[in-house]
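>>> Sequence unavailable; structure follows:
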Ligand SMILES: Cc1cc2nc3c(=O)[nH]c(=O)nc-3n(C[C@H](O)[C@H](O)[C@H](O)COP(=O)(O)OP(=O)(O)OC[C@H]3O[C@@H](n4cnc5c(N)ncnc54)[C@H](O)[C@@H]3O)c2cc1C
């Protein structure tokens, strides 16, 4: 990339980098830039809210007092100061509000999300102060919405347009994060397209409420709804019970989940950062792809980055699954989960997780699934379309249940609600539908007895989680219109398989003029450095993206802060490499 010169004095000017969005991705990206010690960088940060660091999940946009992180302090990638140290600086009144005893703070515990947001904001401030010391100029634009981005190839400049400015940059990193599209919310009373911001669910409801989904997003909604219609009480024997309010005796929550499954409970992780020394190295993956027509085989990565790790960690479990393909493995695990009543299994996993945490002993088959999911994420863009279909339809549903890591406190509340008869779970199949009514919605599905059921609810909350968004949802329209970005696709290895998928009605399969078949996957196309790719296959050296909802096809796992850390490292390496090429 061309270096930029100030023609007046012939001195090279600074490289101007913009970070769009000021949440956790932005924080990790900024940390990389500060740590680089480069005083020839000039950074501009744009954030639509009035605070940096907290982003969506850790601010009132995504959390209330009752919401907690699903990772504990020791599992959070290092930023500047540790949470244990930071807690000592938090005013008493704030700790009291969150019922935290400073002297008993333990880094193996999860945190209130709003408090964690304060920690992230404080870390951003520390980084800004460090940048000042190293001479890296930073301009922070709060309450500034980035409306559009365009690219000028002749000048190799990215143009960022806000409400009242148009600015040029040498590179931008898109960190705009979560987006929850609204279909009916705001138009149909009682219909919520997501549970965020949670304050909107602070409602007294004297009727059954339908929740679609049973994972962490559903648990967020349940915690808010339960508090507004009753009380959790800790009994003398330590058991938590729920007492429904006299004002809403008919209040009840009906969760709807695929096959009636509940997520697994958080346990002790041996390696809190989802890594393992024995994982395939980038070179090994490259060699494998060279010998495999450029594709990464799902079976290969399952063997190498799951089974092989388990052979060491849990030889007995390994013996049971060592000859299984992914499909058999998933059937084997699901069979047990589906056979047992979901709440019975939940209670037994809760006890298992308690033991695991107390003894600092992992549940390896689950931890290794989280490791596999994280390891697969980065090279997922090299799967064949056939393998991506297998991943999405077979392995991902299991992974999303097992590695949701429901925090203990949330688990206790779910059990208390269920014991009080206030929380019910309905198993629905893939044919379930939700119809918006004049008020609320009707959910129709085939029940476990094979009968059709349709139930009307005055209040409905869609809690399936952050959807993978398509290129049509991409917020910066000039990049789409000027063909700077393209939709993510994966090639089929075998035309017969593509034709079968087409015949079975898969509308995401298409054929190009030269006869190759492709599968359209969610979001936009990116390369290994998180740079956007145009429809002709060329990467853009100046536009990077870390906003996961828009790259879900090539980056299917949402590992939160671990992703922020890993992706920012790649982007920083790419920025440094570009400088060396000048
Ligand atoms: C409810 C919820 C709970 C979660 N809990 C955990 C957890 O406990 N642990 C974990 O590891 N991960 C968790 N995650 C994963 C989580 O997504 C990441 O940890 C993290 O929030 C991702 O950060 P981000 O900066 O990419 O996105 P966001 O948090 O969405 O931040 C994006 C920022 O960009 C700003 N922005 C957006 N558009 C614009 C614009 N046009 N102009 C200017 N600014 C803009 C937003 O205001 C926001 O501040 C959770 C996710 C959700 C949804």
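Received the coordinates, thanks. A quick note: this is a predicted structure, and the numbers were derived from the prediction, not measured.

>>> CA atoms for contacts and neighbours, from now on please.
Fine.

>>> quick one: stretch 199-208 near the ligand?
No. Residues of stretch 199-208 are not located near the ligand by Cα under 6 Å from any ligand atom, the shortest gap being 13.0 Å.

>>> buried set for that stretch?
201, 204-206, 208 (16 or more other Cα atoms under 10 Å).

>>> tell me which parts of the stretch 151-300 of the chain are close to the ligand?
Residues of the stretch 151-300 of the chain lying near the ligand (Cα under 6 Å from any ligand atom): 175-178.

>>> Could you identify which of those residues has the most neighbours?
residue 176 (27 neighbours; other Cα atoms under 10 Å).

>>> Surely that residue touches residue 549?
No. At 9.5 Å, residue 176 does not count as touching residue 549 under the criterion of Cα atoms under 8 Å.

>>> how about low-confidence regions in this structure?
Applying pLDDT under 70 to the chain picks out residues 1-12, 273, 579-582.

>>> now with 50?
By pLDDT under 50, the low-scoring segments of the chain are 1-11, 581-582.

>>> that older thread, got a markdown table for the buried residues of stretch 199-208, with secondary structure too?
Formatted as a markdown table, the buried residues of stretch 199-208 follow (DSSP: H, G, I helix; E, B strand; the rest coil):
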| residue | secondary structure |
| --- | --- |
| 201 | helix |
| 204 | coil |
| 205 | coil |
| 206 | coil |
| 208 | strand |
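
>>> which of those lies closest to the ligand?
Nearest to the ligand out of these is residue 201 (Cα to the nearest ligand atom; 14.1 Å).

>>> count of neighbours near the residue in the stretch 401-550 of the chain that the ligand sits nearest to?
Closest contact between the stretch 401-550 of the chain and the ligand, by Cα to the nearest ligand atom, is at residue 547 (5.0 Å). Neighbours of residue 547 under the rule other Cα under 10 Å: 21.

>>> Identify the nearest residue to it in space, disregarding sequence-adjacent positions?
The shortest distance from residue 547 to any non-neighbouring residue, by Cα to Cα, 6 or more residues apart in numbering, is to residue 177 (4.4 Å).

>>> Residue 546 is in contact with the one you found, correct?
Yes. Using Cα under 8 Å, residue 177 is in contact with residue 546, at 7.5 Å.

>>> any residues in contact with both of those two?
residue 25 (Cα atoms under 8 Å, 6 or more residues apart in numbering).

>>> Next to the ligand, which bits of the stretch 401-550 of the chain? Give me the list.
residue 547.

>>> in the stretch 401-550 of the chain, which spans are strands?
423-428, 433-436, 441-446, 452-457, 459-462, 487-491, 509-511, 517-524, 531-533, 539-545 (DSSP state E, counting those that start in this stretch).

>>> Just want the angle from the first one to strand 441-446.
Using axes from the mean of the first three to the mean of the last three Cα atoms, to 10 degrees, one finds that strand 423-428 and strand 441-446 are set 50 degrees apart in direction.

>>> for the longest one, same thing?
When the same axes, to 10 degrees is applied, the directions of strand 517-524 and strand 441-446 differ by 150 degrees.

>>> which helices and strands sit right next to strand 517-524?
Counting contacts by 3 or more Cα pairs under 8 Å, 6 or more residues apart in numbering; DSSP states H and E, strand 517-524 packs against strand 487-491, helix 495-503, strand 509-511.

>>> quick one, what contacts residue 232?
240-243, 413, 416.

>>> Just confirm it is within a helix.
No. Residue state for residue 232 (three-state DSSP) corresponds to strand; a helix is not indicated.

>>> Roughly how far does it sit from residue 470?
Residue 232 is 40 Å from residue 470, where distance means Cα to Cα, to the nearest Å.

>>> returning to what we had before: export the residues of the stretch 151-300 of the chain next to the ligand to CSV and tack on secondary structure and distance to residue 354?
Listed next are those as CSV, based on DSSP: H, G, I helix; E, B strand; the rest coil; distance: Cα to Cα, whole Å:
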residue, secondary structure, distance to residue 354
175, coil, 36
176, coil, 36
177, coil, 33
178, coil, 32
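
>>> farthest pair in those residues?
Farthest pair in those (Cα to Cα) is 175 and 178. Separation: 9.2 Å.

>>> any common contacting residues for these two?
residue 547.

>>> Residue 55 is in contact with the residue of the stretch 401-550 of the chain closest to the ligand, correct?
No. In this structure, residue 547 is not within contact of residue 55 by Cα under 8 Å, at 11.6 Å.

>>> which SS class is residue 200?
Residue 200, by the three-state scheme (three-state DSSP), is helix.

>>> Run a quick neighbour tally on the closest residue to the ligand within the stretch 451-582 of the chain.
The ligand sits closest to residue 560 of the stretch 451-582 of the chain, with a gap of 3.5 Å, by Cα to the nearest ligand atom. Residue 560: 13 surrounding residues under other Cα under 10 Å.

>>> Starting from residue 76, give me the distance back to it.
Relative to residue 76, residue 560 is positioned 10 Å away (Cα to Cα).

>>> Check residue 178 too.
Taking Cα to Cα, one finds residue 178 at 20 Å from residue 76.

>>> picking that back up, residues in contact with the residue of the stretch 401-550 of the chain closest to the ligand?
Contacts of residue 547 by Cα under 8 Å, 6+ apart are 25, 174-178.

>>> May I see the residues you listed arranged in TSV, with distance to residue 142 as well?
What follows is the contacts of residue 547, written out as TSV (distance: Cα to Cα, whole Å):
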residue	distance to residue 142
25	16
174	16
175	14
176	13
177	16
178	18
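
>>> Next, give me the two most distant ones among those.
So, those by Cα to Cα: farthest apart are 174 and 178, at 11.7 Å.
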